[in-house]
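Student: have a look; sequence and predicted model below, questions after that.
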Amino acid sequence: MADPMQVAIKVAASGLEAQSRRMLITSENLANASSTGNTPGASPYARKTVSFESALDDASGARLVQVDRVDTDKRPFRVEHNPGHPAADENGNVKMPNVDMLVELADMRESNRSYEANLQVVKQARSMISMTIDLLRSS
Amino acid sequence: MDPINFFTIASQQNRWLSVRQSVVAQNVANANTPGYKALDVKPFEAVLDSAGIEMRKTQTNHMDPSGGVRGDTDTEEQAKWQIVHSENSVSLEEQMLKAGEVAGAYARNTGVMKTFHRMLLASARG
């Protein structure tokens, strides 16, 4: 069996990876919050969602975390009246992305918090390893 | 209890603590995984109790029955602090608290081990 401390660091690293993927998706959503189509009636950018799943690590028996899949949000698009827009349909309505700034910011804050927690676990595991190594030093 | 036994218990507890730390890491990593239930290791007392009855190796070609450690990697679902809509029962605050507890106990353990080692060395030097 692998050293539990190394396993702890490995698991936390998978958490960091997953949370940074989530942050990437959030930033994509925020950046495209007003990306519309180019042709009349075209669909704009659809908000992306990310979901996690836990995966068994064969070497250690620990449950890592990984990104399960990235989907698009099924919510309807916002409609704005803007007849001069290239994506406006015959009534002058433009479909805007279904991105909600508040939701994205809350999501970002949550993934930030989880990232910090994983980082804290790595730090603590490292300090515990060095405590053991310090047994050999001094005296 | 002779002092040599102390080293056995101390290293056994350190091993238990490091398993617990890896379980905490697992819980924290899966803090946003739908359906994930927070785990914890069995308390150290249970490990100590089970360590009493152990099969002995009476011949060199017997297999080691335990592979060294026993009982300390068992995990169980823990009582829930909170449960959210996605059926995830990990509370980050609780896990951080636990990680701090583990690190503190580990520091205490290695500190006492170091002191014992110094005492042994002092008596060996004469």
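Tutor: Perfect, I can see it now. Residues are numbered from 1 along each chain as shown, chains lettered A, B, ... in the order given.
Student: give me the secondary structure label for the spatially closest residue to residue A:85 that is not a sequence neighbour.
Tutor: Distance criterion CB to CB, 6 or more residues apart in numbering or on different chains; nearest residue to residue A:85, sequence neighbours excluded, is residue A:94 at 4.6 Å. The way it works is simple: take the backbone N, C-alpha and C, and place the C-beta from them, glycine included. Here residue A:94 is recorded as strand under DSSP: H, G, I helix; E, B strand; the rest coil.
Student: what does residue A:55 give?
Tutor: Looking at residue A:55 with three-state DSSP, the answer is strand.
Student: check residue A:68 too.
Tutor: Of the three states, residue A:68 takes strand according to three-state DSSP.
Student: need the contact list for it.
Tutor: Residue A:68 makes contact with A:51-53, according to CB atoms under 8 Å, 6 or more residues apart in numbering or on different chains.
Student: what is the neighbour count of residue 22?
Tutor: By default, I'm working from chain A. In terms of burial, residue A:22 registers 24 neighbours under the definition other CB atoms under 10 Å in any protein chain shown.
Student: that's the wrong chain, I wanted chain B
Tutor: The local packing of residue B:22 (other CB under 10 Å) involves 29 other residues.
Student: check residue A:36 too.
Tutor: 20.
Student: returning to what we had before: out of the contacts of residue A:68, which end up buried?
Tutor: Among the contacts of residue A:68, those that count as buried by neighbour count (16 or more other CB atoms under 10 Å in any protein chain shown) are A:52-53.
Student: of the contacts of residue A:68, closest to residue B:32?
Tutor: Comparing the contacts of residue A:68 against residue B:32 with CB to CB picks out residue A:52 as the nearest, at 5.4 Å.
Student: show me what contacts the residue nearest to that closest one when sequence neighbours are not counted?
Tutor: Beyond its immediate neighbours in the sequence, the residue positioned closest to residue A:52 (CB to CB, 6+ apart) is residue B:33, lying 4.4 Å away. By CB under 8 Å, 6+ apart, the residues touching residue B:33 are A:52-54, A:65, B:88.
Student: return the helix or strand in chain B with minimum mean pLDDT.
Tutor: Among the helical and strand segments of chain B, the one scoring lowest on mean pLDDT, DSSP states H and E is strand B:75-77, with a mean of 65.
Student: which SSE is immediately downstream of that strand?
Tutor: For strand B:75-77, the following helix or strand on the C-terminal side (DSSP states H and E) is helix B:92-125.
Student: get me the contact residues on chain B for chain A.
Tutor: Within chain B, the residues that sit near chain A (CB under 8 Å from any CB of the partner chain) are B:14-15, B:17-19, B:21-22, B:24-26, B:28-34, B:36, B:73, B:92, B:95-96, B:99-100, B:102-103, B:106-107, B:110, B:113-114, B:117-118, B:121.
Student: which of the residues you listed are buried?
Tutor: B:14-15, B:17-19, B:21-22, B:24-26, B:28-33, B:36, B:73, B:92, B:95-96, B:99, B:102-103, B:106, B:110, B:113-114.
Student: what's the helix or strand for the residue nearest the centre of chain A?
Tutor: Among the residues of chain A, residue A:22 comes closest to the average C-alpha position under CA atoms, centre = their mean, at 0.5 Å. Here residue A:22 is covered by helix A:4-31, with elements defined by DSSP H and E.
Student: so does that helix get close to chain B?
Tutor: Yes: contact of helix A:4-31 with chain B (CB under 8 Å from any CB) involves A:4-5, A:7-9, A:11-12, A:14-15, A:18-19, A:22.
Student: equivalent analysis for stretch A:113-121, please.
Tutor: Yes: shown here: stretch A:113-121 in contact with chain B (CB under 8 Å from any CB) through A:113-114, A:117-118, A:120-121.
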